[in-house]
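[1] Requesting a structural model of the entry that follows:
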Amino acid sequence: MHIINTALLDELIAQARIAPRRRAIKCLHQGDWEHAHRMLNALTPGTYVCPHRHPNEHKGEGFILLRGQLAVLIFDEAGQVNYGQSRLLAWEQGCLGMDIPPGVWHSLVALTDSVIYEVKGQPNGGYSQATDKEFAPWAPAEGAEGAAAYCRQLEAEAQRLSEQPTTAA
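    Model (predicted):
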């Protein structure tokens, strides 16, 4: 059993702040074989979550915001942000989570130190890194030349999203 409390969130954010990727994950599931992967994912400003999608029909992905403010950016096939589907997750704005169906290009952008409860489905046989996700061909890979500049571009898109009038839906 895992207890999710403020001390755990504080610890994860502290780990994310000093991690090279500016992220920290605490797995709550027992193994890759489980059909529902559950985790706490701490993200700090400056982390680059390369746009990706989960092509397998069993790989929907859901996020519930526990702390902070972050944007879930949704992209079309050409890599343009779809502002109609993208959302700012922020308690103050009334949007606390998002459920993304399989096959949808997405990325996360931390506007403040944030922690989400993340759930991802897995097919029979469980998690396989080789088939978990497909990275967007129009986005630089993590650590590649241009990734830092593209990350700043995503941060600007997230900031633009945060400045738009919002609804909780």
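[2] Would you mind giving the secondary structure of the most centrally placed residue in the chain?
    The residue lying closest to the centre of the chain (Cα atoms, centre = their mean) is Leu108, at 3.9 Å. Here Leu108 is recorded as strand under DSSP: H, G, I helix; E, B strand; the rest coil.
[3] Quick one: residues contacting it.
    43, 49, 63, 70-73, 116 (Cβ atoms under 8 Å, 6 or more residues apart in numbering). Heads up, the C-betas are built off the backbone N, CA and C, glycines and all.
[4] so where do the strands sit in the chain?
    Listed in chain order, the strands of the chain (DSSP state E) span 23-27, 36-43, 52-53, 61-67, 69-75, 87-90, 97-100, 105-110, 114-121, 134-135.
[5] Extract the CA atoms of the fifth one and return them as PDB.
    It stands for strand 69-75. What follows is strand 69-75, C-alpha atoms only, in PDB (Å, rounded to 0.1, in the frame of the first residue of the first chain):
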ATOM      1  CA  GLN A  69       0.400  24.000 -12.700                       C
ATOM      2  CA  LEU A  70       1.200  22.300 -16.000                       C
ATOM      3  CA  ALA A  71       0.000  22.200 -19.500                       C
ATOM      4  CA  VAL A  72      -1.000  19.100 -21.400                       C
ATOM      5  CA  LEU A  73      -0.300  20.000 -25.000                       C
ATOM      6  CA  ILE A  74      -2.100  18.100 -27.700                       C
ATOM      7  CA  PHE A  75      -0.700  18.200 -31.300                       C
END
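[6] Tell me which other helices or strands that strand touches.
    strand 87-90, strand 97-100, strand 105-110, strand 114-121, helix 147-163 (3 or more Cβ pairs under 8 Å, 6 or more residues apart in numbering; DSSP states H and E).
[7] Mind listing what's buried along stretch 141-157?
    For stretch 141-157, the neighbour count (16 or more other Cβ atoms under 10 Å) marks 150-151, 154-155, 157 as buried.
[8] between the residues you listed, which is nearest Arg23?
    Distance ranking of the buried residues of stretch 141-157 against Arg23, using Cβ to Cβ, places Cys151 first at 12.5 Å.
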